[in-house]
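Engineer: Give me a 3D structure for the following:
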Amino acid sequence: MNTPTVSDRARTLERFILDSIPPARAMQLRVLEHEADRLLMGAPLAANINDKGCAFGGSLTSLMTLAGWSLVELLLREHGHDCDVFVADSQVRYLKPVWEDLRAEARFAADADAGAFLATLAARGKARTEVRCRILTAEGEAATLQARFVARTRSDTAHAAQ
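Structural biologist: Residues are numbered from 1 along each chain as shown. Have a look, this model is predicted:
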């Protein structure tokens with residue numbers, strides 16, 4: 001049986017998120033697993049509960065968005081890119097209530113090409129990629145998020161703000 005692994009790079013990103021994003025800290029999110037094309041992020045139900053005793057929809061969306069953002073961010077860091085990553089657009093579907101600790105899985109979309117994404121970023125200073133996320137429960141999928149993330153090299157981001 002394979003033991004889930006979380007790289008030092010993923011732990012460093014988790015610490016950055018918790019230190020920099022107060023809602024993520026309040027959610028008590030954690031990186032649970034990370035592979036090149038997959039990231040699993042979790043958060044306890046108790047910190048993300050609504051008035052009905054199940055997970056708050058905003059927490060589900062936030063956790064999926066942060067998992068997707070983290071997957072893109074880790075790909076960029078692995079390849080030595082210093083970028084700002086933004087969610088450009090997303091679509092969320094809530095399928096059923098979540099009555100247990102939250103687990104969000106992020107994967108690059110089936111047609112996403114990491115090589116083309118990185119080559120475009122190197123050539124243009126910005127690129128976009130598609131990510132698919134889902135909330136997993138003991139009974140299966142509880143919510144999904146399809147998102148497009150945009151990466152811009154920090155020098156382009158600083159220049160665009162001037």
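
Engineer: Just the mean pLDDT for the helix ranked longest in the chain, thanks.
Structural biologist: In the chain, with assignment by DSSP state H, the single longest helix is helix 57-78. pLDDT averaged over helix 57-78 equals 97, rounded to a whole number.

Engineer: buried ones in it?
Structural biologist: Using 16 or more other Cβ atoms under 10 Å as the burial criterion, the residues of helix 57-78 that qualify are 59-76. Where C-beta positions appear, they are placed from N, C-alpha and C, glycine not excepted.

Engineer: Stretch 11-26 now?
Structural biologist: Of the residues in stretch 11-26, those with enough neighbours to count as buried (16+ other Cβ under 10 Å) are 13-14, 17-18, 24.

Engineer: and it, how far from the chain's centre?
Structural biologist: Centroid separation between stretch 11-26 and its chain, computed with Cα atoms, centre = their mean, to the nearest Å, is 12 Å.

Engineer: now the strands for the protein?
Structural biologist: Ranges of strands within the chain are 30-35, 38-43, 83-94, 102-108, 126-137, 140-153, based on DSSP state E.

Engineer: same for the third one, what does it pack against?
Structural biologist: Spelled out, that is strand 83-94. Strand 83-94 makes packing contacts with helix 57-78, strand 140-153, helix 154-161 when contacts are defined by 3 or more Cβ pairs under 8 Å, 6 or more residues apart in numbering; DSSP states H and E.

Engineer: Adding distance to Asp101, write these out as CSV.
Structural biologist: As requested, the helices and strands packed on strand 83-94 are arranged in CSV below (distance: least, Cβ to Cβ, whole Å):
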stretch, distance to Asp101
helix 57-78, 11
strand 140-153, 12
helix 154-161, 35
